[in-house]
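Undergrad: Sequence plus the predicted model coming up.
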Amino acid sequence: MAVNVETLEKLERKISLSLPLASVQTEVDSRLKRLARTVKMDGFRPGKVPMNVVAQRYGYSVQYEVLNEKVGEAFAKAANEAELRVAGQPKITEKEGAPEGELAFDAVFEVFPEVKIGDLASAEVEKLAADVDDAAIEKTIDILRKQRRTFAQRPADTAAVDGDRVTVDFEGKIDGEPFAGGKAEAFQFLIGEGQMLKEFEDAVRGMKTGESKTFPLAFPEDYHGKEVAGKTADFLVTVKKVEAANLPEVNEALAKSLGIADGSVEGLRADIKKNLEREVKFRVQSRNKQAVMEALVSKAELDLPKASIDAEVGRLLEGAREELKQRGIKDAEKAEIPADVFLPQAERRVRLGLVVAELVKANKLEATPEQIKAHIDELASSYEKPEDVVRWYFGDRQRLAEVEAVVIENNVTEFVLGKAKVSDKTVSFDELMGQQG
């Protein structure tokens with residue numbers, strides 16, 4: 001079989017393939033004979049259908065099947081001999097004017113690019129660090145206490161203050177007309193915790209049980225209720241009940257309720273610190289990984305295979321449909337979502353994937369079994385029964401592959417940080433927690 005590889009443009013290539021017609025026909029005849037032994041047709045006993053009848057009924061589909069397989073095998077062999085790394089599926093078309101006794105085809109396809117990674121020593125990366133201080137531990141304890149608070153009704157002549165839970169009836173009108181969602185009875189919220197718009201909280205703060213008040217409320221331009229966004233409503237609110245919050249003491253009872261075996265406050269603080277340190281580690285890792293990947297991509301030169309981008313756009317599109325489906329959107333699989341919106345993200349993912357793969361290959365940064373096991377152990381350590389979580393990860397190839405990908409990215413991050421110009425930056429716990437990632 002003669003192999004001729006032609007460069008069309010950038011990553012696009014063309015291979016001319018030829019197949020002996022006799023080998024195709026031989027395979028077609030062989031499959032039809034096997035089919036004749038089992039095929040059932042009206043008027044014939046099983047296995048007794050004449051070959052010409054079998055060929056007439058199934059010949060076209062068998063020939064199509066054989067041709068696809070033969071051409072696929074010929075293409076794979078040719079690409080392998082030419083040492084080509086094929087991206088996506090080839091587009092194969094039959095050629096006219098083939099020599100007698102042969103079938104000729106053209107296969108047009110893309111190859112993966114050569115990835116050139118520049119000097120990483122000139123890459124600039126900001127590396128974050130953060131500590132878990134006493135203030136972070138105290139803030140977490142306060143959150144845990146608030147989650148377990150109880151409420152007791154205040155005397156009728158006591159004004160509502162921040163932290164109180166109030167029960168109210170309210171009705172809002174715009175230009176004298178009620179609007180959807182503008183009325184409620186026995187509605188509860190906590191003052192000062194941002195559950196309601198500021199004007200609403202400000203109006204209720206200081207009111208007593210049984211009191212009523214009318215006040216204007218300007219809905220923000222970006223308010224989620226589009227029919228009232230940017231408009232001003234007049235609200236009538238009546239306070240039905242005011243309850244004071246009672247936070248549990250930081251003592252043995254609280255510690256035990258939070259799973260601390262010995263019930264000590266010191267044990268509670270140590271457990272919180274351990275959990276926060278784990279969260280800080282993962283967030284810092286994620287942030288530094290993101291900075292490294294940005295620096296890595298900026299130092300790389302490569303063309304992107306359109307086939308890979310199209311495949312990635314398809315995955316992102318499918319993910320978007322799945323998200324709509326989980327939100328309960330009807331006919332989510334038929335939703336018209338323009339593929340173009342995913343193009344920048346798809347291109348970035350493909351670029352980053354190719355660059356990372358090249359760096360891993362060139363510097364032997366693959367994940368070792370020991371690294372994978374250590375990462376899974378760390379993930380499992382925050383659970384009540386870590387051994388069950390470890391079994392859950394090792395019991396599924398897909399989950400293991402996801403862990404392996406994370407470990408490889410960690411290896412790449414450490415490798416680049418060891419080469420690049422790194423500027424260290426320490427951020428507070430609150431700053432880190434407020435960042436994405």
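TA: Now that the structure is in, tell me what you want to look at. Being a predicted model, the structure only gives us computed values, none of them experimental.
Undergrad: Please identify which helix or strand holds the residue nearest to G182 when sequence neighbours are not counted.
TA: Nearest in space to G182, with sequence neighbours left out and distances taken as Cβ to Cβ, 6 or more residues apart in numbering, is G172 at 3.6 Å. The way it works is simple: take the backbone N, C-alpha and C, and place the C-beta from them, glycine included. For G172, the host element (DSSP states H and E) is strand 165-174.
Undergrad: just to revisit the earlier point, since we're on the residue nearest to G182, how many residues are nearby?
TA: Residues near G172, counting by other Cβ atoms under 10 Å, number 22.
Undergrad: Likewise for N80?
TA: The number of residues packed near N80 is 11, by other Cβ under 10 Å.
Undergrad: Figure out how far the helix or strand hosting it is from the centre of its chain.
TA: Per DSSP H and E, N80 falls inside helix 51-81. Distance, stretch centre to chain centre, for helix 51-81: 40 Å (Cα atoms, centre = their mean, to the nearest Å).
Undergrad: That helix packs against which elements?
TA: For helix 51-81, the packing partners by 3 or more Cβ pairs under 8 Å, 6 or more residues apart in numbering; DSSP states H and E come out as strand 12-20, helix 21-38, strand 86-94, strand 102-111.
Undergrad: could I get the ones you listed as a markdown table with distance to E387, mean pLDDT and mean neighbour count?
TA: Converted to a markdown table, these look like this (distance: least, Cβ to Cβ, whole Å; pLDDT from 0 to 100; neighbours: other Cβ atoms under 10 Å):
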| stretch | distance to E387 | mean pLDDT | mean neighbour count |
| --- | --- | --- | --- |
| strand 12-20 | 51 | 90 | 18 |
| helix 21-38 | 51 | 86 | 14 |
| strand 86-94 | 42 | 91 | 16 |
| strand 102-111 | 46 | 91 | 18 |
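Undergrad: Turn these into JSON lines, including distance to A401.
TA: Listed next are these as JSON lines, based on distance: least, Cβ to Cβ, whole Å:
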{"stretch": "strand 12-20", "distance to A401": "30"}
{"stretch": "helix 21-38", "distance to A401": "37"}
{"stretch": "strand 86-94", "distance to A401": "21"}
{"stretch": "strand 102-111", "distance to A401": "25"}
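Undergrad: pLDDT wise, what is the spatially most central residue of the chain at?
TA: What sits nearest the mean C-alpha location of the chain, by Cα atoms, centre = their mean, is G319, with 8.1 Å. The model reports G319 with a pLDDT of 88.
Undergrad: what's the spacing between the residue nearest to G182 and E201?
TA: Distance of G172 to E201, given as Cβ to Cβ, to the nearest Å: 15 Å.
Undergrad: With L354 instead?
TA: Distance, L354 to E201, using Cβ to Cβ: 52 Å.
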